[in-house]
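> Show me the folded form of this:
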Amino acid sequence: MRKKTQLIHGGIFGDKETGAVSTPIYQVSTYKQEAPGQHSGYEYSRTGNPTRFALEELIKDIEGGTRGFAFGSGMAAITSTMMLFNSGDHVVFTDDVYGGTYRVMTSVMNRLGIDSTFVDTSDLSQIEPAIQDNTKAIFIETPTNPLLKVTDIQAVSDLAKQHNLLVIVDNTFTTPYFQNPLKHGADVVLHSATKYLGGHSDVVAGLVVVNDEQLGEDLHYVQNSSGAILGPHDSWLLMRGIKTLGIRMEEHEQNTKEVIQFLQNHPTVKKVFYPGLEDHPGHEIAKKQSSGFGAMVSFDVGSAEKAEEVLKKVRYFTLAESLGAVESLISVPAKMTHASIPRDRRLELGISDGLIRVSVGIEDIEDLIEDLQQALG
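Presented below is the predicted three-dimensional model:
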């Protein structure tokens with residue numbers, strides 16, 4: 001089954017009971033049992049819900065894993081995955097990671113005894129020195145948020161296997177339409193499904209897929225115990241969004257190519273960050289492990305003042321948190337998505353005060369270019 005067909009026909013297609021083409025929304029909390037402990041597969045919706053299960057089966061098929069899980073947010077997905085580990089364990093992380101991931105590890109998980117070290121995973125030579133005796137996993141985000149650095153998933157997976165470590169990949173930016181980390185040796189792939197998978201700025205969700213049955217059992221135990229589940233209506237919205245992921249991603253990327261060309265030729269723009277550029281350090285790796293480069297672009301206008309000016313002038317690029325929707329969004333990571341990271345640390349990573357991140361939508365490209373032209377002055 002090819003990818004676009006799988007997005008529509010993967011998982012559980014329709015409803016066997018009624019013939020409904022769309023999986024129904026099972027807005028239910030509990031289920032009738034024939035006798036104590038004898039049920040039809042569902043007993044309580046925290047443990048399992050038919051609509052959520054249909055979504056979990058769909059993302060499992062799309063990512064090529066053994067089991068899928070739907071959570072109430074991307075951060076709930078990351079947090080639950082981290083709860084697979086014990087107090088005293090250690091995880092190596094990509095340094096240029098989403099601010100929420102950095103925050104939960106340095107302000108929450110550390111209080112539970114799960115330690116973390118942040119290194120540039122796009123440079124393989126920096127990973128092994130960070131591995132400790134108590135290290136259990138390597139968590140990579142590729143491309144990263146917001147500098148679009150690329151990590152070689154297969155190379156990290158090969159290294160991890162030498163040390164008996166799990167490899168966890170945040171695949172939010174590239175989506176399973178363009179990149180499938182499990183096929184490159186990863187053990188766990190996760191998404192903030194709020195972004196491209198939903199695609200319409202109307203649902204908050206997180207998805208996780210694992211490549212191992214025991215890992216699946218362990219994660220389901222965490223999900224059921226902690227209760228960080230996605231509701232049935234949001235599950236249905238997400239399945240509806242996923243059906244059009246392929247055509248949206250192709251349109252997103254086509255628009256992005258033209259936005260990139262404009263930005264590169266504008267005198268106000270100091271630097272453009274995008275893995276599709278041939279001079280991007282991770283370009284060849286991105287070509288090897290992904291079938292597309294996505295629609296996230298960051299560019300530096302030199303100062304916080306200039307960035308503020310751009311944000312005030314744009315009309316079609318909506319100033320908002322999040323990304324991956326049909327509408328174009330714009331943000332300044334230093335003041336928004338990465339504000340939880342200390343400024344010195346941001347500057348060390350390369351996240352300057354003048355860095356602007358855009359999520360290119362599927363509007364008419366001429367309108368988007370004209371909007372950037374007038375905003376950049």
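
> For A320, see how far away V297 is.
Applying CB to CB, to the nearest Å, the value for V297 to A320 is 16 Å. C-beta: built from backbone N, CA, C; applies to glycine.

> Have a look at those two and say which one is more surrounded.
V297 (23 against 14; other CB atoms under 10 Å).

> Show me the helices in the stretch 251-377 of the chain, by range?
Under the criterion DSSP state H, counting those that start in this stretch, helices of the stretch 251-377 of the chain are mapped to 283-289, 304-313, 343-349, 365-376.

> worst average pLDDT in the ones you listed?
Least confidently modelled of the helices of the stretch 251-377 of the chain is helix 343-349, at a mean of 84 by mean pLDDT.

> who touches that helix?
Applying CB atoms under 8 Å, 6 or more residues apart in numbering, the external contacts of helix 343-349 come out as 95-96, 147, 333-334, 338, 341, 352.

> What of stretch 153-167?
121, 124, 127-128, 131, 135-138, 140, 142, 169, 181, 184-188, 215, 289.

> can you count the residues close to the residue lying closest to V301 once chain neighbours are set aside?
Nearest in space to V301, with sequence neighbours left out and distances taken as CB to CB, 6 or more residues apart in numbering, is G354 at 4.9 Å. Using other CB under 10 Å, G354 has 19 neighbouring residues.

> quick one: G354 and G64, what's the gap?
Look at G354 and G64: by CB to CB, they are 40 Å apart.

> before we move on, back to that, and S40, which of the helices of the stretch 251-377 of the chain is closest to it?
Shortest distance between S40 and these, using CB to CB, is found for helix 283-289: 41.2 Å.

> Report the buried residues of the closest one.
283, 285-286, 289 (16 or more other CB atoms under 10 Å).

> hang on, the earlier thing: would you mind giving the helices of the stretch 251-377 of the chain as JSON lines with distance to S157 added?
Converted to JSON lines, those look like this (distance: least, CB to CB, whole Å):
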{"stretch": "helix 283-289", "distance to S157": "11"}
{"stretch": "helix 304-313", "distance to S157": "37"}
{"stretch": "helix 343-349", "distance to S157": "24"}
{"stretch": "helix 365-376", "distance to S157": "37"}
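
> what's the burial count for P36?
If you count neighbours by other CB under 10 Å, P36 ends up with 6.

> Which residues are in contact with it?
Per CB under 8 Å, 6+ apart, neighbours of P36: none.

> Give me the pLDDT for it.
What the model reports for P36 is a pLDDT of 87.

> Next: L7.
So, for L7, pLDDT stands at 97.

> Show the subsequent helix or strand relative to the strand or helix carrying it.
According to DSSP states H and E, L7 maps onto helix 3-9. Using DSSP H and E, the next helix or strand after helix 3-9 towards the C-terminus is helix 50-63.

> and that next one, average pLDDT?
For helix 50-63, mean pLDDT is 98.

> Any idea how many residues pack against L355?
25.

> Please name the bridge partners of it.
D300 (DSSP bridges).

> and L197, which of the helices of the stretch 251-377 of the chain is closest to it?
Here helix 283-289 is closest among the helices of the stretch 251-377 of the chain (CB to CB), at 19.2 Å.

> got the buried residues for stretch 243-253?
By neighbour count on 16+ other CB under 10 Å, the buried set for stretch 243-253 is 243-246, 248-249, 251-253.

> Thanks again, I'm all set now.
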